[in-house]
Every structure is written in structure tokens, then in C-alpha cells.
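[1] I need the structure of the sequence given here:
(4 chains)
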2 protein chains.
Amino acid sequence: MQYCYQYPHPAVTTDIVVFTIQNQQLDALFVRRRNAPHQGQWALPGGFVDIDEDIDTCAQRELFEETNVSNLYLEQLYTFGQHNRDPRERVITVAYYALIPRDRLQPKAGSDAQEVNWFPINQLPELAFDHDLIIKKALERIAAKAHYSTIAFQFLPPEFTLPELQEVYQILRNETLDKRNFRKWIQSLDCLEETGDVRRNGSHRPAKLYRAKHPDVVEIIK
Amino acid sequence: MQYCYQYPHPAVTTDIVVFTIQNQQLDALFVRRRNAPHQGQWALPGGFVDIDEDIDTCAQRELFEETNVSNLYLEQLYTFGQHNRDPRERVITVAYYALIPRDRLQPKAGSDAQEVNWFPINQLPELAFDHDLIIKKALERIAAKAHYSTIAFQFLPPEFTLPELQEVYQILRNETLDKRNFRKWIQSLDCLEETGDVRRNGSHRPAKLYRAKHPDVVEIIK
DNA sequence: GCAAAAGTGTTACGCGTACACCCATGG
DNA sequence: CCATGGGTGTACGCGTAACACTTTTGC
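    Here you go, the predicted structure:
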């Protein structure tokens, strides 16, 4: 079966930069390509937009196929449309980024037999296509958002401690923060509530647990 | 001649929100549709991406075709990809916005016989497709940028006075600013230089003329 | 009792904001 | 000389940034 048009049409894909934080590092998810071009190289998860599928829905679907997790924070990033970015045919890709909390990482990410892997964002392998550009843009975006939104909560489980939250902000903003000032700031946003519980992990004072008042919305602050 | 594919392909367009400031108002440019669907309604300028044309280039081309002006500030805004946003076929549009200074407005914008018109953004006509959504997103973007960038310069001729610059900021941010505080702020950015000349317009003290130190870059500030 | 991380207040400085009068020109 | 808009400085308050010690636990 063939689909014919009076004028040439590009193919459209979505690619998703999936971020998580583990081992004190920001990691992104990649899939090893099994076919040419760029066979064997690592690439962002993604794929073609179905003809009657919204592009947001497509991104959600691709994301689920690679991570087995749904309902993640997902935001459109930028559209990459250099005419020669794919040697096979004209492909325009709408890039998204998604954030996945540690506690929802699957033991083996990926539903099919594909080889997938997390890489720390400062030790990336060589990437297929223009995916290095996409990553770069995604990093800029989340670093910026870490300054004026509650995006960091999306990396954490529903209950977390203030030192954990501070660590996420530090990794995203790539700077160390003063503990007292950070606490004063985050408390003043009135977006946290104590669970009443504590977390004990080590021979030291236990940390109080908090949860976000509105865990599903990324609030713009300041 | 037909172009055939193994899988259905969407059409891809770019639409451009062209902004200018005239008569103390922010205006956007629209084209009246001559064909169904939405025949007779106003729509954003835009059109199909050629198969071997970068999407940025396409936006530039469409922009030039409607305004006869090139080398404008042009930035990608967002990609709109609801599957049913165009009743004819699947069309994904990559929206851009452009800023055009007063002094480069053509007497009759538009190169061909199409009916084109500027509308103040708070008196928009009913728009075709989802173009109201696109405008809304573009307005949010430039209002935000007016707070943390030198975007306002792009609305002005190469030489301008401080009252003129302040007016642009006020329109974009939709608030009045204190004259002395505005001047202190803008001078502190070290992005202006006096031309040494003045502009006389009326029976009052003439205003000093300034130019941007880097007229082609929109600097991120603060 | 000691090591290790959690928790907690105060001070200083800079920036943003509020505010009123003189200046230069054209008619 | 008068109307019109251009141009200028200061004071106050708030928010950001710097900074050190006590608390609680596990071993």
C-alpha cells in the first residue's frame, strides 16, 4: 500500500530527551540504533508520528514504549528541521523532554529487546543525527527552569527530604547552594508540607519528610 | 506527478506571527484567506515547507513574501500538531514570531495581490484554524522576553530616543514604568551609546538619540 | 563518645522602587 | 512667555547573600 500526494511531504517524528537523576548525576536515556544510518550509535528514543495522532500523544507513546512509565512530566522543547538532518528522507523532528523520578525507574527500561542505557550528561557517547544539538537545548531549558520553577520536584518520589531536594536543584543549576538560604527560599514558596515522618539513613540525625502540595504542576515562581 | 510513501506523511507548514508597534499599540499581521476552509477569514502568514528547505529558511521566505523585508528578528515559537487542526489533511505547523521595526514597514505590505492587514492585538478578528492559540503563545513569549532581554530594540529603528524605547517596553509589558528608574536600569545594562545627535519633534526640549551597541543580538539580561 | 549529616537566625549590602523639579525648545 | 515633553538624584525598604554552631542519630 502506498500513500501519494501532489507535493512531496516530509516525515515527522518526535524525539524525547528523558532525564533522571541518579548517583548525584543528571542522566539521559538513549537507545542503540540497530539499523543504518548511524547503526550501532546511540540515539534519543523517538519515532514517527501516526497520521491521526496528536504530536503530544505521540511523544507520550514513545516515552512509554521506552520507559514503561506513563504520566511523566513532558514538555515540548523545539523542532529541528534542517533539510539534511536524516540521510534517508526529509525528517522533521519535534523534540520533547521528560523527567522521571528515581523511584519510577524500571529495573530494565525498555519494553522490547532494544538496548537502552542511561548516560550521565557530561559523559555522553557519540550520538546519531543531530541529537547532540537536541540534548544541548534540553539542558539549557531545564537549567533555566531550575531557577524559576518547581521543576526539581519532578525528579523526586512523592515524599522527599530537604537535603534531597536541594541536591536536585544543585545538580540542575550546576552550583552549590547555601543550606539555610535554600531552606528559607523553598519554604517561602509555600509549596511543601511535612508528612510528619522522617527518613533514617545512617548514623546521624534523621531528616524530615516532605511532599509537594501540588505534585503534578510545575509552578512558575518569583 | 505524485509523491508516494510507504506510510502516510503529514504536511508541514510554518506560520509566522509578525509583530510591530505603531500608534502606541502592538500589532500583528494577518492575511485574508481566499480559499476554503475558513475562506474569507484572517490567518497568519505562512505556507508549506519545501522538501529540501530548512524550516528556519522557510519561515524567512514566508516572512519576506508577506512583508518584503528580510533580516528581521525571527525566532521559533512552538509546534502545533493536533491531528485535526486542518480539515483538509494532516498539517503540522511550526510557528515562528518576527519583529519588524516601524521604519521598515512597507507602504503596502505583501508582494502579491493578497489582502493583508495589521490588527492591534487586543482587537483581533476571528481567526482561521488554531491561529488564536498561536497568537496567544506568541504574546506570552514576547511579554516574558520584555522582562529579561533587549528584545524591545528590535521594534525600533537603528537610532531612537529613550522615551521611544521606554514606550516599547511599556507596551510589551503592559504597564507604565517610572521614567527615572527605567533610564537608570537601561543605562546600567551598558547596551546603549549616544549618537551625539538629537531628535526635535515639537515645541519642547529635543531628545538625545541612541543606538544599540549590538543591534542584531537580543541579549539576555539580569 | 564520636563521626556524620540535619537543622536553625542574624546581619549586611545592593538593588528596586517611590518620588518632584528644572531644562530646552517652538510658537 | 508659556506649553510641552526631555532630562536628572536621593532616600528608603526589602530581599538576597554571607556566615557557624547545635542537634540527633548509629555504631
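
[2] return the residues of chain A in contact with DNA strand D.
    A:178-181, A:184-185, A:200, A:202-206, A:222 (C-beta under 7 Å from any atom of the strand). Where you see a C-beta, it was placed from the backbone N, CA and C, and this is true even at glycine.

[3] so where's chain A uncertain?
    Across chain A, the ranges flagged by pLDDT under 70 are A:107-113.

[4] report the longest helix in chain A, please.
    helix A:131-148 (DSSP state H).

[5] between that one and helix B:131-148, how many degrees?
    For helix A:131-148 and helix B:131-148, the angle between their directions (axes from the mean of the first three to the mean of the last three C-alpha atoms, to 10 degrees) works out to 70 degrees.

[6] and for residue A:51, the neighbour number?
    Per other C-beta atoms under 10 Å in any protein chain shown, the neighbour tally for residue A:51 reads 14.

[7] over to residue A:94?
    Neighbours of residue A:94 (other C-beta under 10 Å): 27.

[8] isn't it up against residue B:80?
    No: if you go by C-beta atoms under 8 Å, residue A:94 and residue B:80 don't touch, sitting 10.0 Å apart.

[9] and for those two, which residues touch both?
    Counting by C-beta atoms under 8 Å, 6 or more residues apart in numbering or on different chains, the shared contacts of residue A:94 and residue B:80 are residue B:92.

[10] hey, where'd the strands end up in chain A?
    Taking DSSP state E to define them, one finds strands in chain A at A:3-5, A:11-22, A:25-32, A:42-43, A:46-48, A:73-80, A:91-99, A:116-120, A:159-161, A:192-199, A:207-212.

[11] go through those strands and pick out the most buried.
    strand A:91-99 (a mean of 25; mean count of other C-beta atoms under 10 Å in any protein chain shown).

[12] domain ranges for chain A, per the record?
    A:11-145, A:151-212 (automatic domain parsing).

[13] picking up where we left off before, the longest helix of chain A: which residues count as buried?
    A:131, A:134-135, A:138-139, A:141-142, A:145-146 (16 or more other C-beta atoms under 10 Å in any protein chain shown).

[14] tell me which strands and helices it is in contact with?
    On a contact count with 3 or more C-beta pairs under 8 Å, 6 or more residues apart in numbering or on different chains; DSSP states H and E, helix A:131-148 meets strand A:11-22, strand A:73-80, strand A:91-99, helix A:162-173.

[15] is DNA strand C within reach of that helix?
    No: Helix A:131-148 is not in contact with DNA strand C by C-beta under 7 Å from any atom of the strand; minimum separation 14.9 Å.

[16] residue B:214 versus residue A:195, what's the distance?
    Applying C-beta to C-beta, to the nearest Å, the value for residue A:195 to residue B:214 is 51 Å.

[17] swap that for residue A:73, sorry
    36 Å.

[18] now residue A:52
    Counting by C-beta to C-beta, the gap from residue A:52 to residue B:214 is 47 Å.

[19] near DNA strand C, which residues of chain A show up?
    Counting by C-beta under 7 Å from any atom of the strand, chain A sits next to DNA strand C at A:161-163, A:179-181, A:183-184, A:198, A:202-208.

[20] now with 10 Å, please.
    A:161-167, A:178-184, A:187, A:194, A:198-210 (C-beta under 10 Å from any atom of the strand).

[21] ok, residues contacting stretch A:82-93?
    Contacts of stretch A:82-93 (C-beta under 8 Å, 6+ apart): A:8, A:10-15, A:37, A:46, A:79-81, A:129-130, A:134, B:12, B:49, B:51-55, B:92, B:94.

[22] quick check: the farthest pair among the residues of chain A next to DNA strand D?
    The span of the residues of chain A next to DNA strand D, defined through C-beta to C-beta, is set by A:203 and A:222 at 37.6 Å.

[23] the two - which one has more neighbours?
    residue A:222 (8 against 5).

[24] just to revisit the earlier point, just give me the closest of the residues of chain A next to DNA strand D to chain B.
    residue A:222 (11.5 Å; C-beta to the nearest C-beta).

[25] how about the contacts made by that closest one?
    Neighbours of residue A:222 in contact, by C-beta under 8 Å, 6+ apart: residue A:148.

[26] not counting residues beside it along the chain, what's closest to residue A:219?
    residue A:150 (4.7 Å; C-beta to C-beta, 6 or more residues apart in numbering or on different chains).

[27] so that neighbour touches residue A:213, yeah?
    No: taking contacts as C-beta under 8 Å, residue A:150 lies outside contact range of residue A:213: 9.8 Å.

[28] what do those two both touch?
    residue A:191.

[29] and these two? Which one has more around it.
    residue A:150 (22 against 13).

[30] so who does the more buried one touch?
    A:189, A:191, A:212, A:217-219, A:221.
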